[in-house]
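Trainee: attaching a predicted model along with its sequence, questions to come.
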Amino acid sequence: MNAKPIIENRIWQPEFECLPRPRLLALQAERLRGAVARASKNPFYKERFERLGVTPEKIRSADDVRRLPFTTKADLRDHYPLGFLVVPRSEVARYQGTSGTTGKPTWTAYTKNDVDNWCNLCARFLVSGGLRPEHTVQISFGFGLFTGGFGLHYGIERVGAAIIPLSSGNSARQLMCMQDLRPEVLICTPSYALKLMDDILNGGIDRSSIAIEHAHFGGEPWTEDMRTRIESGLKIRCWNNYGLAEVQGCGVSGECAYRNGMHVQEDQFIIETIDPDTLEPLPDGEKGELVITPLCREAFPVIRYRTRDIGYLYNDGFCPCGRTTRRMSRILGRTDDMLIIRGVNVFPSQIEAALMPFESVAPHYMIEVSRPAALDEVTVHIEMQPGMFSDSMKEMQAIRDKIAASIQSVTGLHMNIDLVSPNSLERFEGKSRRVTDHRKLVD
Ligand code: ADP
Ligand code: ZN
């Protein structure tokens, strides 16, 4: 565990974030009773609670969450658009949705209190990752249904910093803004940060013309190696934060100054890890599907939401920052982005981790899966760094072999390596889509 803070350790709401553990658990139990009472107004839960014999009064401890039914994305879809709304429309202050690019969004709704709570939850991770009232923040997240844009906007406002609501896209404009208004803090997806970094480093932009010191990334999986690359490339500090629209949006968890995993805002969420096949709870430290119950939401309560995100909770005691909340790992994949290659489970993040140590390749890659005959084949297209292409076939083959060996050591699978020229792969302004699975097209 990191024993030293990376920056000054600041805490936005110590009255909640540092509650002695017994009081935190008592608060969770009390709030869970409220969450069950509110959810009972939804016929979906009412019927399930009745079947399981659950009433708010029967909830004695936070652990009683295990007696409650799970909720899946399919349940929300089956009650499209607003079947989970339990307050009159007149009490809704905001609607947001998932950023899903295909089909209908999954809607969610907030009362005024929900929005107010959400602001504080975003303020918590922003402040612990270096945001100060005197800062200016460039938000390069899309403003729209995606919770990242407006969620962070109001979180930053709560802290008292200045906001540039630039939204995503148009990198030339992003860089112009960085140079002209000199924000100290950047907010975007990690893949968009990679693109901006490329444009800065390869575009002859003088680093001293840019004042960014901190960046807050969320919305998609990324690796520790990617952090190292961005931090050393741009000379900034990058912080990880996590959330999903179904349970609120960004602000469910985020890193502190010690950067020992992401503190889960446990006064407002009960987090569990389960085995996605047996649905049995797993002990802290074991990898599984994260299940989240928001405790305070008024408009759109959900119970034990199955996130399909894979991660684990740390079991190494309390973080030295003073918070008493448990910490979660990075997201290691989704139960549904998991690739099964020749019977082996592979997460795109594993492939990324295997190729990041190679200095000669850029952090841009695409994974292509096909089944030309009976066997699955994977080709990883990776961009070379400018100036690293060699005319020697032998040298290029040596790089390919080394990368293939690295991927094989992590995944156990041989994959084809295709080295492509700089800037030839697609760039992403929002969440990246790095996997093309041709097998699905013929199923
Ligand atoms: P969706 O993308 O499912 O339409 P959201 O826009 O609410 O819905 O995105 C939430 C999802 O994004 C999470 O379930 C998770 O898979 C991913 N995500 C969000 N933040 C992070 C993060 N810091 N690291 C990894 N994955 C993240
Ligand atoms: Zn901490």
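Mentor: That came through, no problem. Residues are numbered from 1 along each chain as shown. Ligands and ions are numbered 1, 2, ... in the order given.

Trainee: remind me which residues of the protein are low pLDDT?
Mentor: 99-103, 440-443 (pLDDT under 70).

Trainee: just checking, what packs against the lengthiest strand in it?
Mentor: Counting residues, the longest strand found in the chain (DSSP state E) is strand 361-370. Contacts defined by 3 or more CB pairs under 8 Å, 6 or more residues apart in numbering; DSSP states H and E place strand 361-370 against helix 190-202, strand 339-341, helix 348-355, strand 377-384, strand 435-437. C-beta coordinates here come from the backbone N, C-alpha and C atoms, glycine included.

Trainee: for the longest one, which positions count as buried?
Mentor: Counting neighbours by 16 or more other CB atoms under 10 Å, one finds that the buried residues in helix 190-202 are 190-200.

Trainee: with the fourth one instead?
Mentor: Neighbour counts using 16+ other CB under 10 Å place 377-378, 380-384 of strand 377-384 among the buried residues.

Trainee: turn the helices and strands packed on strand 361-370 into a markdown table, including distance to ligand 1.
Mentor: Shown next, in a markdown table, are those (distance: least, CB to the nearest ligand atom, whole Å):
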| stretch | distance to ligand 1 |
| --- | --- |
| helix 190-202 | 8 |
| strand 339-341 | 15 |
| helix 348-355 | 9 |
| strand 377-384 | 20 |
| strand 435-437 | 14 |
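
Trainee: ok, and for the helix or strand where Asp418 lies, which residues are buried?
Mentor: Secondary structure assignment for Asp418, by DSSP states H and E: strand 416-420. By 16+ other CB under 10 Å, the buried positions in strand 416-420 come out as 417, 419-420.

Trainee: one more: stretch 203-218?
Mentor: Of the residues in stretch 203-218, those buried (16+ other CB under 10 Å) are 210-218.

Trainee: one step back: what's next to the longest strand of the chain, contact-wise?
Mentor: When contacts are defined by CB atoms under 8 Å, 6 or more residues apart in numbering, strand 361-370 is touched by residues 194, 198, 226, 229, 339, 341, 348, 351-352, 355-356, 376-385, 388, 399, 403, 419, 422, 425-427, 434-439.

Trainee: what lines up beside it in the sheet?
Mentor: Sheet pairing of strand 361-370 (DSSP bridges) gives strand 377-384 (antiparallel), strand 435-437 (parallel).

Trainee: so which of those strands is nearest ligand 2?
Mentor: Nearest to ligand 2 among these is strand 435-437; the distance by CB to the ion comes to 33.0 Å.

Trainee: re earlier: ok, the buried residues of strand 416-420 vs ligand 2, which is closest?
Mentor: With CB to the ion as the yardstick, the closest approach to ligand 2 among the buried residues of strand 416-420 comes from Ile417, at 38.8 Å.

Trainee: wait, what's in contact with the closest one?
Mentor: Taking CB under 8 Å, 6+ apart as the definition, contacts of Ile417 comprise 379-380, 382, 400, 403-404, 407.

Trainee: excluding chain neighbours, give the residue nearest to Lys195 in space.
Mentor: Leaving aside its sequence neighbours, Lys195 sits nearest to Arg427 (CB to CB, 6 or more residues apart in numbering; 4.5 Å).

Trainee: which one of the buried residues of strand 416-420 is nearest to Asn170?
Mentor: Closest approach between the buried residues of strand 416-420 and Asn170, by CB to CB: Val420, at 24.5 Å.

Trainee: now do the contacts for the closest one.
Mentor: Residues in contact with Val420, defined by CB under 8 Å, 6+ apart, are 381-384.

Trainee: the strands in the stretch 251-400 of the chain, which residues?
Mentor: Under the criterion DSSP state E, counting those that start in this stretch, strands of the stretch 251-400 of the chain are mapped to 262-264, 269-274, 288-294, 305-311, 327-328, 333-334, 339-341, 344-346, 361-370, 377-384.

Trainee: before we move on, what about the stretch 101-250 of the chain?
Mentor: Here the stretch 101-250 of the chain has its strands, by DSSP E, counting those that start in this stretch, at 107-110, 136-139, 162-164, 185-188, 214-217, 237-244, 249-255.

Trainee: out of those, flag the one nearest ligand 2.
Mentor: Here strand 249-255 is closest among the strands of the stretch 101-250 of the chain (CB to the ion), at 7.7 Å.

Trainee: show me what the closest one is packed against.
Mentor: Using 3+ CB pairs under 8 Å, 6+ apart: strand 249-255 touches helix 112-128, helix 147-159, strand 237-244, strand 262-264.

Trainee: so the third one, near ligand 2 or not?
Mentor: Looking back up the chat, that one is strand 237-244. No: residues of strand 237-244 contacting ligand 2 under CB under 5 Å from the ion: none, with a closest distance of 11.8 Å.

Trainee: adjust the sequence numbering to begin at 572 for everything that follows.
Mentor: Shifting the count to begin at 572 puts that one at strand 808-815.

Trainee: who does that strand pair up with?
Mentor: By DSSP bridges, strand 808-815 pairs with strand 785-788 (parallel), strand 820-826 (antiparallel).

Trainee: find the nearest non-adjacent residue to Gly820, please.
Mentor: Nearest to Gly820 is Thr718, by CB to CB, 6+ apart, at 2.7 Å.

Trainee: run a quick neighbour tally on the one you found.
Mentor: Thr718 has 28 neighbours, counted by other CB atoms under 10 Å.

Trainee: that one against Gly814, yeah?
Mentor: Yes: using CB atoms under 8 Å, Thr718 makes contact with Gly814 at a distance of 6.6 Å.

Trainee: identify the contacts common to those two.
Mentor: 820-821.
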